[in-house]
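**Q** this one's structure only:
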């Protein structure tokens, strides 16, 4: 028959100390500047997706995306106007 261990005690204190030490170590390893963090010159960040170095994926000219977006907005507005006009006529 095993005895039940009450909550708290030495194990809990040890786990809290370990968590606090891990948190302090993480803070010590975190860079304090943007350049040390990899921004502003490093090619190993999220901006690599949007550069010419990205090899996979669909490459679309930004101007084409702009025209497609404006055309879509225009078509939605035009369909709303047409729906309003035909609703009043019939």
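**A** Happy to help now that I have it. As the structure is a prediction and not an experimental result, all values here were calculated from the model. Residues are numbered from 1 along each chain as shown.

**Q** only C-alpha atoms for contact and neighbour calcs from this point on.
**A** Fine.

**Q** mean confidence score for the lengthiest helix in the chain?
**A** When the chain is parsed with DSSP state H, its longest helix is helix 62-89. Per-residue pLDDT over helix 62-89 has a mean of 93.

**Q** Likewise for stretch 22-41?
**A** On average, stretch 22-41 scores 68.

**Q** From the contact counts, what lies against the longest helix of the chain?
**A** Contact analysis of helix 62-89 by 3 or more CA pairs under 8 Å, 6 or more residues apart in numbering; DSSP states H and E lists no helix or strand as a packing neighbour.

**Q** got the buried residues for that helix?
**A** Within helix 62-89, no residue qualifies as buried by neighbour count (16 or more other CA atoms under 10 Å).

**Q** likewise stretch 16-30?
**A** Per 16+ other CA under 10 Å, stretch 16-30 contains no buried residues.

**Q** Name the residues that touch the helix or strand that residue 19 is a member of?
**A** Here residue 19 is covered by helix 9-29, with elements defined by DSSP states H and E. Contacts to helix 9-29, defined as CA atoms under 8 Å, 6 or more residues apart in numbering, come from no residue at all.

**Q** i'd like the first residue to be 368 from this point on
**A** Will do, 368 is the new start, and the previous item becomes helix 376-396.

**Q** Got phi/psi on residue 428?
**A** phi -60, psi 140 (degrees, to the nearest 10).

**Q** oh, I was asking about residue 425
**A** Torsion angles at residue 425 (phi, psi; degrees, to the nearest 10) stand at phi -90, psi 130.

**Q** Could you tell me how many residues sit around it?
**A** By other CA atoms under 10 Å, the residues close to residue 425 number 6.

**Q** Next one: it from residue 394, what distance?
**A** 39 Å (CA to CA, to the nearest Å).

**Q** Then residue 379?
**A** Distance from residue 379 to residue 394, by CA to CA: 23 Å.
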